[in-house]
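attaching a predicted model along with its sequence, questions to come.
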Amino acid sequence: MALLLRTHFELARTSLKERRGRTFLTCLGIAIGVASIILILSLMGSINSLIKTQVDAIGGNLIVVRPNDSKDEINDIVTELTSSNHFNKSNLSLNDVESIEKLNADKNLEAEYPVIAAAPLAISTNTLIGERTVESGNVLGTTEELKDIIGLNLKSGTFIKNGTLKSAVIGRDLSLKLFGTMEPIGKTFTLLGEKFIVVGILSESNSPINFNNVNFDDTIIVNINQLAILDNNLQIQQINVKVASEDKTPATAAKIDEILSVSKRGEKNYTVAYGDQITHPAGSLFDIVSGMLTLVAGISLIVGGIGVMNIMLVSVAERTHEIGVRKAVGASNMNIFLQFLFESLILCILGGIGGLALGYICAFLVSIITPFSPFISIDICLSALYIALIVGTIFGLYPAIKASRRNPIDSLKSI
């Protein structure tokens, strides 16, 4: 049996080598489709790995509360795709933050629910007027607890305080846009008619994608109470909660869920996540985009598969005499079927290998202009082989069946 399969393989390889130009173009069609899927899988893996690394660096004692961002209607999906705010109907409030902090008001590390701190995140887009004007500046309203909860580092200066001083901490990129310098401490800017003073500069993060959904390099941070007075439409997109010990995180998360359920009168319009459950808050957006891109890649694969089937049908027509001779000397229908199916599989496997290489080359090129380093895993590599085998089998069946059913007498007459 092994010898028979090897013979089929050698016959298929010889046939494809004789038609190298046609073989290359057919493999290229498969390679493009496979490369598209590999690129998508690599980028999604990179995003998930990036966020997991950020969460792991903070520790397993982080709980994140967010509005429920499920999208049930196509209009909601379109809104999410076209909006920078992925939670347009947040029902979280500062009262919820206070309720969570009251779980451990005295900050007892040995308490049943040892909440150390809780910090809300409310993102607003407004015009900022400093030495220059930024029309759509990202403003994050939060409290001073955020710095310690997520480990924000300051390049210089101090973080905002929960007092009356209208202070702000600014990221590097926004500082350049607003003041034309990366040393803006002591400078003032106007936000919604009020003057704020810059008291600190954030260290460069280079992580526009993170579980907070905040590009800290291009954001200015102010006190949420002061921002809420100026912006009546301000909504809390997230509450970060730090727990004293990792082993008590699940119980604390369950208690927070219970408290919020009571305050929301049983309406489950929020999510409480911790550990591996924490992902990018716009996770549904990534699912939608990756799904759309996968659909496009799937169509490309179908087109490539049709190309394989077309080439194989042409090959069957060209090699009618060969089929007749092989049958005349004893080859069975199964032998002919396997020969042509092997050719189809070899075409697609070569395309799959080429697509794997092309996909990762594209991923490396993308990593040059984005913070997403290529994510390489054995599962992604094997998926290229699986896809190639499936496409080769599906689109190679009909030509192989057609070849195997050729009448040997008619085939020999076709000389």
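In hand now; what should we look at?

just the helices in the stretch 51-200 of the chain please.
74-82, 94-101, 146-150, 172-179 (DSSP state H, counting those that start in this stretch).

would JSON lines of these with mean pLDDT be doable?
What follows is the helices of the stretch 51-200 of the chain, written out as JSON lines (pLDDT from 0 to 100):
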{"stretch": "helix 74-82", "mean pLDDT": "45"}
{"stretch": "helix 94-101", "mean pLDDT": "92"}
{"stretch": "helix 146-150", "mean pLDDT": "92"}
{"stretch": "helix 172-179", "mean pLDDT": "94"}
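
so which of the ones you listed is nearest residue 295?
With Cβ to Cβ, the closest approach to residue 295 among the helices of the stretch 51-200 of the chain belongs to helix 74-82: 14.0 Å. For every residue, glycine as well, the C-beta is placed using N, CA and C.

how about the helices of the stretch 51-200 of the chain in a markdown table, adding distance to residue 273 and mean neighbour count?
As requested, the helices of the stretch 51-200 of the chain are exported to a markdown table (distance: least, Cβ to Cβ, whole Å; neighbours: other Cβ atoms under 10 Å):
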| stretch | distance to residue 273 | mean neighbour count |
| --- | --- | --- |
| helix 74-82 | 19 | 12 |
| helix 94-101 | 14 | 17 |
| helix 146-150 | 15 | 20 |
| helix 172-179 | 28 | 20 |
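
let's have these in JSON lines, adding distance to residue 42.
Output for the helices of the stretch 51-200 of the chain, formatted as JSON lines (distance: least, Cβ to Cβ, whole Å):
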{"stretch": "helix 74-82", "distance to residue 42": "22"}
{"stretch": "helix 94-101", "distance to residue 42": "38"}
{"stretch": "helix 146-150", "distance to residue 42": "27"}
{"stretch": "helix 172-179", "distance to residue 42": "26"}
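
quick one, what contacts residue 52?
By Cβ atoms under 8 Å, 6 or more residues apart in numbering, the contact set of residue 52 is residue 276.

no wait, residue 224
Neighbours of residue 224 in contact, by Cβ under 8 Å, 6+ apart: 94, 120, 122, 141, 142, 143, 234, 236.

can we see that at 7 Å?
The contact partners of residue 224, by Cβ atoms under 7 Å, 6 or more residues apart in numbering, come to 120, 122, 141, 142, 143.

go through those and say which is closest to residue 310.
residue 122 (57.0 Å).

I'd guessed that closest one sits against residue 237; true?
Yes: here residue 122 lies in contact with residue 237, judged by Cβ atoms under 7 Å, at a distance of 6.4 Å.

identify the contacts common to the two.
With Cβ under 7 Å, 6+ apart, residue 122 and residue 237 have no common neighbours.

host element of the most centrally placed residue in the chain?
Residue closest to the average C-alpha location in the chain (Cα atoms, centre = their mean): residue 44, at 3.4 Å. For residue 44, the enclosing helix or strand under DSSP states H and E is helix 20-58.

in the stretch 301-415 of the chain, which spans are strands?
Counting by DSSP state E, counting those that start in this stretch, the stretch 301-415 of the chain has no strands to list.

shaky segments in it?
371, 409-415 (pLDDT under 70).

any chance you could map the helices in it?
320-328, 333-369, 378-404, 408-413.

which of those sits most buried?
Mean neighbour counts were compared across those using mean count of other Cβ atoms under 10 Å; the top stretch is helix 333-369, at a mean of 20.

which other helices and strands contact that helix?
Packing contacts for helix 333-369, counted by 3 or more Cβ pairs under 7 Å, 6 or more residues apart in numbering; DSSP states H and E, involve helix 2-18, helix 20-58, helix 283-318, helix 320-328, helix 378-404.

closest to residue 342 out of those helices?
helix 2-18 (4.1 Å).

and the closest one, what's its mean pLDDT?
Mean pLDDT, computed over helix 2-18, is 68.

likewise stretch 60-70?
pLDDT averaged over stretch 60-70 gives 82.

now it: how far from the chain's centre is it?
18 Å (Cα atoms, centre = their mean, to the nearest Å).

only the buried residues of it, if you could.
61, 62, 63, 64, 65, 66, 67, 69 (16 or more other Cβ atoms under 10 Å).

can you put those in TSV and add distance to residue 339?
Formatted as TSV, the buried residues of stretch 60-70 follow (distance: Cβ to Cβ, whole Å):
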residue	distance to residue 339
61	62
62	59
63	61
64	58
65	62
66	57
67	60
69	54
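
now, the most widely separated pair of these?
Among the buried residues of stretch 60-70, 61 and 69 lie farthest apart (Cβ to Cβ), at 23.7 Å.

please name the nearest non-neighbouring residue to residue 401.
residue 337 (6.5 Å; Cβ to Cβ, 6 or more residues apart in numbering).

on that earlier part again, residue 253: which of the contacts of residue 224 is nearest?
Within these, the smallest distance to residue 253 is 17.0 Å, found for residue 120 (Cβ to Cβ).

I'd guessed that closest one sits against residue 144; true?
No: with contact defined as Cβ under 7 Å, residue 120 and residue 144 do not form a contacting pair (11.8 Å).

neighbour count winner among those two?
Neighbour totals were compared for residue 120 and residue 144, and residue 120 leads with 24 against 18 (other Cβ atoms under 10 Å).

which strand residues bridge that one?
In this entry, residue 120 is beta-bridged to residue 239, by DSSP bridges.

from residue 63, how far out is it?
13 Å (Cβ to Cβ, to the nearest Å).

contacting residues for residue 184?
Residue 184 neighbours (Cβ under 7 Å, 6+ apart): 170, 175, 198, 201.

for the third one, name its beta-bridge partners.
In other words, residue 198. residue 168.

tell me how many other residues surround it.
Counted with other Cβ under 10 Å, residue 198 comes out at 22.

do the same with the first one
When counting by other Cβ under 10 Å, one arrives at 33 neighbours for residue 170.

Three-state assignment for the closest residue to it other than its chain neighbours, please.
Nearest non-adjacent residue to residue 170, counting by Cβ to Cβ, 6+ apart: residue 220, 4.7 Å away. Under the three-state scheme (DSSP: H, G, I helix; E, B strand; the rest coil), residue 220 adopts strand.

before we move on, back to that, which pLDDT value belongs to the residue nearest to the centre of the chain?
81.

what about it, distance to residue 384?
Taken as Cβ to Cβ, the span from residue 44 to residue 384 is 15 Å.

next one: residue 144
The value you get for residue 144 to residue 384, if Cβ to Cβ is used, is 49 Å.
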